[in-house]
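Participant: Fold the following, please.
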Amino acid sequence: MQIQLDIAKTLRAGTRKFTLRARLRSDSRRIVIYGASGAGKSMLLKAVAGLITPDAGSIELGGRRLFDSAARINLPVQRRRVGYLFQDYALFPHLNVRQNIVFGLHRGWSNRGWFNPAPRVDGERLAYWLDAFQLQAVAQQLPSQLSGGQRQRVALARALIADPAALLLDEPFAALDPMLRVRMREELDALQRRLDIPMLMITHDPEDARVFGGHVLTMADGAILEEDGNG
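Facilitator: Numbers count the residues shown, from 1 in each chain. Sure, this is the predicted structure:
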């Protein structure tokens, strides 16, 4: 993936304070950051995506500088070219499967304001991802009408339709029951190998680290403590 980052970010809530001080360098196509809840994993992933801004440091992905506090570089989310899969999938409940997927292509914004795709929106890219994730039969359904696995596939299709340079995964299997978790791991493993898209995953599940880890890192208390694999 060719990712390099060295960032610091402090969050305060009343008398409580949490500080992220993370350094990472890796050339692996698969990076897994493993650690308990509250370790700072999601904070790190959101910093890479541009969803939060570090207080200081730099982030480089694939030779592109996404953030550099010293040089005053801070690319907006739309220009970072990363696909982000939220832990709860963050599908829009009022949009059907087609609309949710195409929302990722338009990044939700047009010159006229927020973009709500037409219910029967179509196109080659949409058709490709509907077919790739076997979602044709449910294309007109709302997220509430889908199974957990189908919702994950929709979220993945939305993240991938814009042809991102990397895929960021926030606890992608945490919302699934144990049996479905096994199947969806297999599907994502096969998909990543087929597309050969660089992937950065955060998880608290050691099985995710075992299945997907080309380069596994352990994180605790806002810092990356140790590395296993190639970096």
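
Participant: quick one: the strands in the protein?
Facilitator: 3-13, 16-26, 30-34, 56-61, 64-68, 73-74, 82-85, 109-110, 113-114, 166-170, 199-203, 215-220, 223-229 (DSSP state E).

Participant: Within the sheet, what are the partner strands of the second one, with directions?
Facilitator: Within its sheet, strand 16-26 is paired with strand 3-13 (antiparallel), according to DSSP bridges.

Participant: ok so, going back, adding mean pLDDT, mean neighbour count and distance to residue 46 as columns, could you present the strands of the chain in a markdown table?
Facilitator: Placement of C-beta: from N, CA and C, glycine included. Output for the strands of the chain, formatted as a markdown table (pLDDT from 0 to 100; neighbours: other CB atoms under 10 Å; distance: least, CB to CB, whole Å):
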| stretch | mean pLDDT | mean neighbour count | distance to residue 46 |
| --- | --- | --- | --- |
| strand 3-13 | 95 | 16 | 10 |
| strand 16-26 | 94 | 16 | 10 |
| strand 30-34 | 95 | 24 | 12 |
| strand 56-61 | 97 | 19 | 11 |
| strand 64-68 | 97 | 18 | 12 |
| strand 73-74 | 97 | 14 | 13 |
| strand 82-85 | 92 | 23 | 8 |
| strand 109-110 | 39 | 10 | 19 |
| strand 113-114 | 44 | 8 | 21 |
| strand 166-170 | 95 | 23 | 8 |
| strand 199-203 | 96 | 25 | 10 |
| strand 215-220 | 95 | 21 | 14 |
| strand 223-229 | 73 | 14 | 16 |
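
Participant: closest one to residue 44 among those strands?
Facilitator: strand 16-26 (5.3 Å; CB to CB).

Participant: Off-centre distance for that closest one?
Facilitator: 18 Å (CA atoms, centre = their mean, to the nearest Å).

Participant: Output the longest helix belonging to this structure.
Facilitator: Identified as the longest helix of the chain according to DSSP state H is helix 178-195.

Participant: Out of the strands of the chain, which is closest to residue 133?
Facilitator: Across the strands of the chain, closest to residue 133 is strand 82-85 (CB to CB), at 12.8 Å.

Participant: Any idea what residue 167 is bridged to?
Facilitator: Bridge pairing for residue 167 - DSSP bridges - gives residue 83, residue 199.

Participant: what's near enough to touch it?
Facilitator: 82, 83, 85, 159, 160, 192, 197, 198, 199, 200 (CB atoms under 8 Å, 6 or more residues apart in numbering).
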